[in-house]
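>>> have a look; sequence and predicted model below, questions after that.
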Amino acid sequence: MNKYILSCCSTFDLPKEHFEENDIRYICFHYYLNGKQYPDDLGQTMSFEEFYEALKDKNVDVKTSQVNSDEFIQYFTPFLENGNDVLHLCMSSGLSGAYNSALMAQKELQKKFPERKIYIVDSLAGSSGGGLIMDKLAKLRDSGMNIDEIHEWIKENKIKMNHWFFSMDLTFFIRGGRISKTAGLIGTMLKICPILNVNAEGKLVPILKVRTKEKAIDEMLAKMEQNAEGGLDYSGKCFISNSACYEDAKKLADKINEKFKNLEEKVKINNIGTTIGSHTGPGTVALFFWGNKRID
């Protein structure tokens with residue numbers, strides 16, 4: 001059996017230790033904070049606390065930069081030179097152009113390494129949703145699946161990764177154009193929490209609006225009960241990510257741990273990284289689990 005590397009984008013928002021323990025490689029996106037470039041390296045260069053504290057300044061200038069094809073070539077080349085095949089899971093093409101950059105790199109590298117397999121997969125996922133997929137792929141690899149079997153499995157099952165989000169701070173959604181300024185101001189005044197998910201095209205879409213974060217937490221719990229594989233008998237893993245609102249994330253995690261008695265393990269709470277956090281700002285809670293196939 002040929003050796004192969006499981007790889008993904010840093011935007012899948014798992015701790016550095018989780019990637020290392022599960023032998024998952026990752027390539028870092030970039031972001032600019034007040035004109036200075038930083039790597040999205042899982043909080044190593046700049047801690048999440050420092051990053052989100054900086055975003056509280058209403059005049060902060062924050063932008064993101066995806067990985068380009070040359071960077072992908074430089075990243076993949078050592079794996080291929082060492083005789084490894086590669087399966088790389090990209091951040092959703094509905095959220096980033098990195099998938100297209102990775103495909104360009106694949107085309108060039110396949111000429112140089114025709115004997116190697118290079119699979120580039122559009123995850124249709126983001127944040128710890130992609131992380132939960134990678135966690136599963138590592139388990140399948142460790143169970144003996146080869147790279148072709150893994151590739152077929154992910155193509156069939158990635159659409160079953162459910163994503164649900166809410167945010168109490170609409171500032172960055174307004175800046176990004178996802179919510180109009182008028183609607184955002186009214187929503188803030190009325191304490192409206194938009195509930196969003198990622199659809200079958202891998203795009204972030206608003207689903208409904210609720211008032212107060214307490215109701216938003218209850219709505220997220222209800223969405224999991226309605227959509228999780230097996231309903232309340234769900235026996236898979238569940239990840240939550242948050243942007244500087246750990247207590248809100250913990251309230252949701254506690255409710256899930258109490259209601260879903262058969263979870264493979266207690267809910268894991270992760271940080272929303274600097275790339276996705278640049279677009280959500282602080283105050284966002286995201287929930288991920290395996291369940292019903294997403295629809296458009």
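On my side now, so go ahead.
>>> which stretches of the stretch 151-296 of the chain form strands?
161-167, 192-198, 204-211, 238-242, 268-271, 284-290 (DSSP state E, counting those that start in this stretch).
>>> now distance to residue 41, mean pLDDT and mean neighbour count too, for those, in JSON lines please.
The C-beta positions use only the backbone N, C-alpha and C, and glycine is treated the same way. Shown next, in JSON lines, are the strands of the stretch 151-296 of the chain (distance: least, Cβ to Cβ, whole Å; pLDDT from 0 to 100; neighbours: other Cβ atoms under 10 Å):
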{"stretch": "strand 161-167", "distance to residue 41": "23", "mean pLDDT": "95", "mean neighbour count": "25"}
{"stretch": "strand 192-198", "distance to residue 41": "24", "mean pLDDT": "87", "mean neighbour count": "21"}
{"stretch": "strand 204-211", "distance to residue 41": "24", "mean pLDDT": "87", "mean neighbour count": "14"}
{"stretch": "strand 238-242", "distance to residue 41": "16", "mean pLDDT": "98", "mean neighbour count": "26"}
{"stretch": "strand 268-271", "distance to residue 41": "12", "mean pLDDT": "98", "mean neighbour count": "21"}
{"stretch": "strand 284-290", "distance to residue 41": "20", "mean pLDDT": "97", "mean neighbour count": "27"}
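>>> now the ones you listed in TSV, with distance to residue 254?
Formatted as TSV, the strands of the stretch 151-296 of the chain follow (distance: least, Cβ to Cβ, whole Å):
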stretch	distance to residue 254
strand 161-167	16
strand 192-198	18
strand 204-211	19
strand 238-242	11
strand 268-271	10
strand 284-290	13
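>>> looking at those strands, which is nearest to residue 110?
Comparison of these against residue 110 by Cβ to Cβ identifies strand 161-167 as nearest, at 27.8 Å.
>>> looking at the strands of the stretch 151-296 of the chain, which is nearest to residue 54?
Per Cβ to Cβ, nearest to residue 54 of the strands of the stretch 151-296 of the chain: strand 268-271, 14.7 Å.
>>> do you know which of the strands of the stretch 151-296 of the chain lies nearest residue 68?
Judging the strands of the stretch 151-296 of the chain by Cβ to Cβ, what sits closest to residue 68 is strand 204-211, at 22.8 Å.
>>> how is this structure carved up into domains?
The chain breaks down into these structural domains: 4-159, 161-290 (assignment by automatic domain parsing).
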